[in-house]
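Engineer: need coordinates for the below:
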Amino acid sequence: MSRLRFSTAREVFETYPAAYQAVTMAPSTEPPLAFLGRLVRGPAPTEAAGFCAFLLPRRETVWWALQAVRSMQPPGTQDPGLDAAEAWVREPGDKTRFAALRLAQVGDSARPGTFVAWAAGYSGGSMSESHPIPTPPDLTAKMARIAVLNAINRLPARERDGALRACVEACIRLAEDDAGKR
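Structural biologist: Next up, the predicted model:
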């Protein structure tokens, strides 16, 4: 069973118009994973990472981004942004979401993990603990996309294509995972 809530690529763009800024290929009525396959094989394969960020539900988007970023970091790298995002994925709620948001606000904007923390912090509800400010529905995807592309661009050029393909494959696995295993 698929986790996808969209039956066509066009529906993704209709739901998230900001996806047009991340993906230049015209959306089609084909299934989203078929469109994703064309993106990764097309002239601008990094746009596939942007489509992945909009394609998945928010929690899965954060999980995808943190796993992707973690896989591209040197072994043993400590990243508080990824840790905060993972805490939210494992226990979604305002307590862990605001913890991720607070960490993102003081985090190092040069680190991809900080953007994964932003993605978790912007996963819904209010953008402020002190008063209600509705979170725009596309902010999780935007922050996840920045995190993943930032991590890919930090790699040596010869490793980037493989890392991008691994990110897309991870997205597909999450989209198709009916057991919800983490």
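
Engineer: now do the helices in this protein.
Structural biologist: Here the chain has its helices, by DSSP state H, at 9-15, 19-22, 32-41, 47-55, 58-72, 80-90, 94-106, 112-121, 139-154, 157-176.

Engineer: state the pLDDT value of Asp178.
Structural biologist: Looking at Asp178, its pLDDT reads 45.

Engineer: please tell me how far the residue nearest the centre of the chain sits from Arg97.
Structural biologist: Centrality entry for the chain: nearest residue to the mean C-alpha point is Ala144, 3.3 Å, by CA atoms, centre = their mean. Using CB to CB, to the nearest Å, Ala144 is found at 15 Å from Arg97. Every residue, glycine included, has its C-beta placed from N, CA and C.

Engineer: what does Tyr20 give?
Structural biologist: The value you get for Tyr20 to Arg97, if CB to CB is used, is 27 Å.

Engineer: the two - which one has more neighbours?
Structural biologist: Legend: neighbour count by other CB atoms under 10 Å for Tyr20 and Arg97, higher for Arg97 (25 against 11).

Engineer: wait, the more buried one sits on Trp118?
Structural biologist: No: taking CB atoms under 8 Å as the definition, Arg97 is not a contact partner of Trp118, at 11.1 Å.

Engineer: low pLDDT regions in the chain?
Structural biologist: 1-2, 178-182 (pLDDT under 70).

Engineer: one more time with 80, if that's ok
Structural biologist: Scanning the chain with the threshold set as pLDDT under 80 gives 1-3, 177-182.

Engineer: residues near Ala151, how many?
Structural biologist: That count, for Ala151 with other CB under 10 Å as the rule, works out to 24.
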